[in-house]
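Provided below for reference: sequence and predicted model.
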Amino acid sequence: MAIATRDAKVGQPLPCVRKIIKLENMRLFSGWPVRTMHTDWEIAKKSGLPAPIAQGLMSQAFINEMCTAYFGKSWFETGRLDVRFVSFTVPGDRITVGGVVKEIESEGEAVRLVCDIWCENDTGAKTLVGTASALID
């Protein structure tokens with residue numbers, strides 16, 4: 001069931017999603033046993049990284065989870081997503097996925113809710129930023 005309505009207000013938060021980044025999940029996402037900087041400690045260290053880093057699309061999947069909860073079916077039919085990966089996540093990071101309505105635009109008989117969206121770690125550092133929007137009848 002969607003949360004978004006035509007009565008949404010600028011500043012309204014989207015439902016937060018929280019995830020703990022686990023190496024086993026990173027490996028599943030990246031097609032283990034393929035060894036890359038996303039799945040292997042040694043390769044990550046040789047690449048100058050502190051640990052294996054989660055693929056950015058993993059964070060984007062978390063964004064899609066939040067947007068599906070907020071927009072419902074409309075996310076799949078009219079959703080738009082524009083993201084930038086600004087930092088990485090490593091095993092053990094706890095990620096909070098959030099968003100807030102920033103604009104409400106008329107589109108014919110519907111309105112488009114445009115939202116700032118992000119992923120951030122426990123230190124408050126953003127790892128993904130962008131916008132998401134969908135039409136609400």
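Okay, I see it.

make it CA atoms for all contacts and neighbour counts henceforth
Noted.

Measure how far the longest helix seen in the chain is from the centre of its chain, please.
When the chain is scanned for its longest helix (criterion: DSSP state H), the result is helix 56-71. Distance of helix 56-71 from the chain centroid (Cα atoms, centre = their mean, to the nearest Å) equals 4 Å.

which parts of stretch 13-30 are buried?
Pro13, Leu14, Pro15, Cys16, Val17, Arg18, Ile21, Leu23, Asn25, Met26, Arg27, Ser30 (16 or more other Cα atoms under 10 Å).

bridging residues for Pro13?
For Pro13, the beta-bridge partners are Val100 (DSSP bridges).

contacting residues around it?
Gly98, Gly99, Val100, Val101 (Cα atoms under 8 Å, 6 or more residues apart in numbering).

So which of those residues wins on neighbours?
For those, the largest number of neighbours (other Cα atoms under 10 Å) sits with Gly99, at 27 neighbours.

residue ranges for the strands of this protein, please.
Per DSSP state E, the chain carries strands over the ranges 17-20, 80-85, 94-107, 110-120, 126-136.

what mean pLDDT does the fourth one have?
The predicted model assigns strand 110-120 a mean pLDDT of 98.

packing partners for it?
Where contact means 3 or more Cα pairs under 8 Å, 6 or more residues apart in numbering; DSSP states H and E, strand 110-120 is packed against helix 56-71, strand 94-107, strand 126-136.

Mind giving me the packing neighbours of the last one?
The reference is to strand 126-136. With contacts taken as 3+ Cα pairs under 8 Å, 6+ apart, strand 126-136 sits against helix 56-71, helix 73-78, strand 80-85, strand 110-120.

Kindly compare burial across the ones you listed and name the winner.
strand 110-120 (a mean of 22; mean count of other Cα atoms under 10 Å).
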